[in-house]
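> Okay, sequence plus prediction incoming.
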Amino acid sequence: MRHATLRQLKVFEAIARHLSFTRAAEELHLTQPTVSMQIKQLTGTVGMPLFEQIGKRIHLTGAGEALHATCREIFDSIERFEMDVANRKGLKKGHLKLAVITTAKYFIPRALGPFCQRYPGIEVSLKVTNRERVLERLADNLDDLYILGQPPDNLDVVYKPFLENPLVVIARHDHPLAGKRHVTLERVAGEPFLMRESGSGTRMATQRLFDKNRLKINIRMELGSNEAIKQAIVGGLGISVLSRHSLALEGESGPLAVLNVQGFPIERHWYAVYPAGKQLSVVARAFYDYLLSEGRRVAEAGWAAIPESLSRKPLHGLSRPDKAKNAAL
C-alpha cells in the first residue's frame, strides 16, 4: 500500500460508500473513465480485488471492506487535523461543508452571502439534494452541518430550529379556488394533487394533516423537485403543497396562487442539524451561530419579495417550538 495515493483512496471510499462508480464520479466531479483508472491502479497496488460484480451490482470483497474501514480512519484523522488548523487560524481561512434538502436552496445561498462577505477566506461546499440523500450523508458524517425541514427520528443528532417554514397550498392563478376564502380541506382533497417523492418532509407533513382529518389525498402524480411541481401546476395538472420559500422568486403577475385553505399554512421549521458528539470546527460553529442569530432576518428579506397577491394569509412571528430532543448545546 506504500504507493497508494490519497486521490485513489478518496475515489475508492466514494465508490465503497455508494456501491456505484457512477454516483462516486458525480460526487467527486470526475469522469467515469478517470474513476475506473484510479481503482485499477489501486487494485494493482493492493494486489487483490477490491470489488466484485454480481449481476448489475457491485459489492466489496473482504479486502475491499478492510480497506474501506482504513480509509474512514485516515479521512477522520485528516478532518481532525484540518479542524485543528482551522481553529488555530481562527476564521481567516477554513472550509465549510453543508448538505441541504432541495427546498432550502431558496434561502441558504442568500444566507451564505453575508456570511462569506464577513469571512472572505472561507471556502464553502454546498450539496443540494433530496431528504433521503441528506440523511445518508448525515449518517456517514460527510459534512459539517445539515439543513432539514424535519429532524430524523432514527439518528442521534443535535438540532435546533432557526427559521419558520410554512407549507401552503399552491394552484394556478386561474384555478376556481384562487381568491376564495376559507376553502375547506374536504374540498381540496378532491383536487388532483402533485406530490413530492415518498420520504419528502413536505409530503409527510401534508399526509399527516389529511390523515388527522380522515381524508384521502387524490394523488395524480409524483415529481422529484419543487420546480417540476410548479411547472406541472402551471400546466394545469393539479395543485400541490409547497414551502412558502419556494415562491420567493415569483413575480406579481406570475402564474401561481396560494389558496386560502383551512388548516393551512402547516407550521413547520427549518433545522440546523449535526451528529451528536461531533465537534464542530470553528468555521462550522460560526455559521451555526450565524443561522440561529441572523438566519431569520436574511430569509425574511427574501419573503419581502413574495407578492401579496400570492399570499392571502400573513405569516406570524417565529413561534417557540416544543422542546426538542438533543437541542441543548
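Alright, I've got the coordinates.
> How far off centre is stretch 75-83?
Put simply, stretch 75-83 sits 24 Å off its chain's centre (CA atoms, centre = their mean, to the nearest Å).
> now swap in stretch 162-170 and tell me
Stretch 162-170 sits 15 Å away from the centroid of its parent chain (CA atoms, centre = their mean).
> Taking the centroid of this structure, which residue is nearest it?
Central residue check for the chain by CA atoms, centre = their mean: the C-alpha nearest the mean position is that of residue 101, 1.7 Å away.
> Just grab the bridge partners of that residue for me.
With DSSP bridges applied, residue 101 shows beta-bridge pairing to residue 129.
> wait, what's in contact with it?
By CB atoms under 8 Å, 6 or more residues apart in numbering, the contact list for residue 101 reads 128-131, 134, 147-149, 201. For the C-beta atoms, the positions are set from N, CA and C on the backbone; glycine is no exception.
> Show me just the buried residues among the residues you listed.
A residue is treated as buried here by neighbour count (16 or more other CB atoms under 10 Å); on that basis the buried members of the contacts of residue 101 are 128, 130-131, 134, 147-149, 201.
> so of these, which ones are in strands?
128, 147-148 (DSSP state E).
> before we move on, back to that, which of the buried ones among the contacts of residue 101 lies closest to residue 20?
For these, the minimum distance to residue 20 (CB to CB) is 16.3 Å, reached by residue 130.
> Apart from its neighbours in sequence, what residue is nearest that closest one?
residue 102 (6.0 Å; CB to CB, 6 or more residues apart in numbering).
> Surely the one you found and residue 132 touch.
No. Applying CB atoms under 8 Å, one finds residue 102 not in contact with residue 132, separated by 11.1 Å.
> Which one of those two is surrounded by more residues?
Set residue 102 next to residue 132 and count neighbours by other CB atoms under 10 Å: residue 102 wins out with 21 against 12.
> now the buried ones among the contacts of residue 101 in a markdown table, with pLDDT and distance to residue 265?
Formatted as a markdown table, the buried ones among the contacts of residue 101 follow (pLDDT from 0 to 100; distance: CB to CB, whole Å):
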| residue | pLDDT | distance to residue 265 |
| --- | --- | --- |
| 128 | 92 | 23 |
| 130 | 88 | 22 |
| 131 | 88 | 20 |
| 134 | 94 | 23 |
| 147 | 95 | 19 |
| 148 | 93 | 18 |
| 149 | 88 | 13 |
| 201 | 82 | 14 |
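> Please dump these into a markdown table; it should also carry distance to residue 267 for every row.
Compiled in a markdown table, the buried ones among the contacts of residue 101 are given as follows (distance: CB to CB, whole Å):
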| residue | distance to residue 267 |
| --- | --- |
| 128 | 24 |
| 130 | 23 |
| 131 | 19 |
| 134 | 22 |
| 147 | 18 |
| 148 | 16 |
| 149 | 12 |
| 201 | 13 |
